[in-house]
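Student: Structure for the following, please:
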Amino acid sequence: MSCCIFTRWSTKSFLFLCLLSLQVQAELLPTSTTQLNEKSCRMDLYHLKKNEQKQFESNLQLAMITDNIHRQRYIAIKADINHPQGFENIGYYRSGHPVEVFTANWRKNSNKYSITRLVMLGGTSDRQAFDVFTQLIKQDNGHLELRASNKRYHFTAKNKDLNDFLRCLKQHQRSANK
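Tutor: Now for the predicted structure:
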């Protein structure tokens with residue numbers, strides 16, 4: 001009798017834990033898109049937050065962009081119009097520990113949003129920042145955390161998007177070296 005009660009209790013507990021884990025997994029959505037062609041390789045990552053209606057919306061967009069024709073590469077970030085203007089250090093974190101620090105110089109783009117490009121802390125090259133950032137995101141399999149102004153931003157790239165983006169970079173790097 002006690003064995004039967006334990007079996008029912010453990011089955012219900014297991015089902016409850018499964019449902020609970022599904023809800024937790026639903027919070028970690030892959031939030032990436034790609035635009036890949038001969039002219040450019042681009043992967044966008046979105047940090048999502050819940051609005052007042054409990055719907056997810058992007059409040060920070062990170063775009064890794066190459067212009068294959070002009071051999072340019074950079075990381076652009078787009079935020080809400082209320083984001084403060086000026087310089088800001090943005091830390092790349094892995095497992096809660098800082099790995100690298102980038103600098104952004106935020107400016108307003110019309111009255112719609114704030115934008116910036118990343119450079120290395122103390123540097124001026126957005127190409128160097130792109131190369132370092134790409135290596136970090138590759139090492140972390142598309143999972144990253146950025147911290148700036150006491151805020152945390154989590155990003156998760158879909159495996160397919162990350163692999164396609166890296167393949168595009170490699171393909172166009174080879175053709176540029178020919």
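
Student: Now for the residue nearest to the spatial centre of the chain: which residues touch it?
Tutor: In the chain, the residue lying closest to the centroid (C-alpha atoms, centre = their mean) is Phe155, at 3.4 Å. Each residue near Phe155 by C-beta atoms under 8 Å, 6 or more residues apart in numbering is listed here: 31-32, 45-47, 62, 142-146. C-beta: built from backbone N, CA, C; applies to glycine.

Student: cool, Asn111 as well?
Tutor: Contacts of Asn111 by C-beta under 8 Å, 6+ apart are Ile81.

Student: How is it assigned, secondary-structure-wise?
Tutor: With DSSP: H, G, I helix; E, B strand; the rest coil as the basis, Asn111 sits in coil.

Student: Likewise for Cys168?
Tutor: State at Cys168, reduced to three classes by three-state DSSP: helix.

Student: Could you check how far it is from Asp140?
Tutor: Counting by C-beta to C-beta, to the nearest Å, the gap from Cys168 to Asp140 is 19 Å.

Student: How about Asp161?
Tutor: Going from Asp161 to Asp140 by C-beta to C-beta gives 14 Å.

Student: Could you report the neighbour count for the residue lying closest to Thr116 once chain neighbours are set aside?
Tutor: Sequence neighbours aside, Ala104 is the residue nearest to Thr116 in space, at 3.9 Å (criterion: C-beta to C-beta, 6 or more residues apart in numbering). Ala104 has 23 neighbours, counted by other C-beta atoms under 10 Å.
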